[in-house]
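Trainee: whatever this is, show me its structure:
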Amino acid sequence: MNKDDKASISLIKILGISLILILVTGVGVMATNAKLTNVKIILSNDYEMTVITTKMKVSEILEENHITVLEDEIVTPGIDTEISDNKTIRISKISNNKEIAQKESVITSEEILSSYGTIVEKIITEQVVIPFETITKEATEEGTKQNKVVQNGKDGLKEVTYKVKFQDDVEIERIEISSTVITEPVNKIIEVKTIQVTSRTAEERVATSNPAATASTSLAKKVENITPTVKTFNTSAYCACISCCGKTNGITSSGAKASAWYTVAAGQGYKIGTVIYIPALADKPNGGWFVVQDRGGAISNSKLDVYMNSHSAALQYGRKTLEAYVYEF
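Mentor: Numbers count the residues shown, from 1 in each chain. So this is what the prediction gives:
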């Protein structure tokens, strides 16, 4: 190979390397010049979202965000055009009413934009209090009943991170992303000393008739073959609040959730599950039929406490001396 041939090959190599460098530089410049744009997309259900894209064509932006235009929807600006200066894409339902469609067609883009506020999304972290619970423990002991706090309650603290959306500085959506407990709550424990169980009084008498035989409620059907006893009770009402029962979860001594005009608290002389009919309350939602599901530190065998949904309802009930039919299994 002579010197001219070698020089020719070297020149070709130099030209090839130069061409590759030019192509790489061009691609880098194109990538640098790619412009990121904030585009607002308004769906046909009026939900708004803001996306960041390098695309300019409406169809490409929708495809990039996995948005499909249905047959009864129309896109503004057109799906095959580029986004307009206001950087907004609106998807609307096609109206069958031509007059409405004509009116919508004369609405300017400025009017559309003025009717919607800007949506801003922020990540917010807040500290939230974890309320403590009050737990009641029973301890049988002779003597007068006395409630004793054996452990004071203390609220806990947790740190919660939310994704929050604002429209014109007004919060419109809040989604919890994560939660971390900083301090665990300490439950309040109350020890209830109860009076020794006493025998039932002789005020009871065997009923001469059975109201369950003519009643239609499920409780009545359950005891229609049992002969009840009749007794006069001092009745009052309570609810699932701290003032009434020292806790707020509404769980009764039976383990069941208390129900208004169904659950009653009775003395130890009446077993859990005992059915009680009170004729004076026959106009109430349960038809006057109750079941013993709960106890109470101040509930003796001559008292009944009717469960209510609210403290105000319990206060409104007051105290009533009422005759009742007691069905025991």
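
Trainee: how long is stretch 309-323 end to end?
Mentor: Its start and end residues considered, stretch 309-323 measures 23 Å (C-alpha to C-alpha, to the nearest Å).

Trainee: ok, and what's touching that stretch?
Mentor: 230-239, 241, 243-244, 260, 278-281, 306, 308 (C-beta atoms under 8 Å, 6 or more residues apart in numbering). From N, CA and C alone the C-beta is placed, and that goes for glycine too.

Trainee: would you mind listing the buried residues in that stretch?
Mentor: For stretch 309-323, burial by neighbour count (16 or more other C-beta atoms under 10 Å) applies to 311, 314, 317, 322.

Trainee: in strands, which of those fall?
Mentor: residue 322 (DSSP state E).

Trainee: per-domain residue ranges of the protein.
Mentor: Here the domain assignment for the chain is 37-116, 120-193, 197-327, based on automatic domain parsing.

Trainee: what comes up buried for stretch 162-175?
Mentor: Judged by neighbour count using 16+ other C-beta under 10 Å, the buried positions of stretch 162-175 are 162, 165.

Trainee: contacting residues around that stretch?
Mentor: Under C-beta under 8 Å, 6+ apart, the answer for stretch 162-175 is 48, 117-126, 176-177.

Trainee: include pLDDT when you put the residues you listed into JSON lines, please.
Mentor: Below are the contacts of stretch 162-175 laid out as JSON lines (pLDDT from 0 to 100):
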{"residue": "48", "pLDDT": "89"}
{"residue": "117", "pLDDT": "65"}
{"residue": "118", "pLDDT": "80"}
{"residue": "119", "pLDDT": "84"}
{"residue": "120", "pLDDT": "89"}
{"residue": "121", "pLDDT": "91"}
{"residue": "122", "pLDDT": "92"}
{"residue": "123", "pLDDT": "94"}
{"residue": "124", "pLDDT": "93"}
{"residue": "125", "pLDDT": "93"}
{"residue": "126", "pLDDT": "93"}
{"residue": "176", "pLDDT": "92"}
{"residue": "177", "pLDDT": "92"}
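
Trainee: restricted to buried residues, select those residues in PyMOL.
Mentor: Restricted to buried positions by 16+ other C-beta under 10 Å, the PyMOL selection for these reads:
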select buried, resi 48+119
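
Trainee: out of the contacts of stretch 162-175, who's nearest residue 79?
Mentor: Nearest to residue 79 among the contacts of stretch 162-175 is residue 48, at 18.8 Å by C-beta to C-beta.

Trainee: before we move on, back to that, among the domains of the chain, which is the most enclosed?
Mentor: Of the domains of the chain, the one with the most neighbours on average (mean count of other C-beta atoms under 10 Å) is domain 197-327, at a mean of 17.

Trainee: any low-confidence regions in the stretch 1-150 of the chain?
Mentor: 1-16, 18, 20-34, 95-117, 139-146 (pLDDT under 70).

Trainee: do the stretch 151-300 of the chain as well
Mentor: For the stretch 151-300 of the chain (pLDDT under 70), the answer is 193-202.
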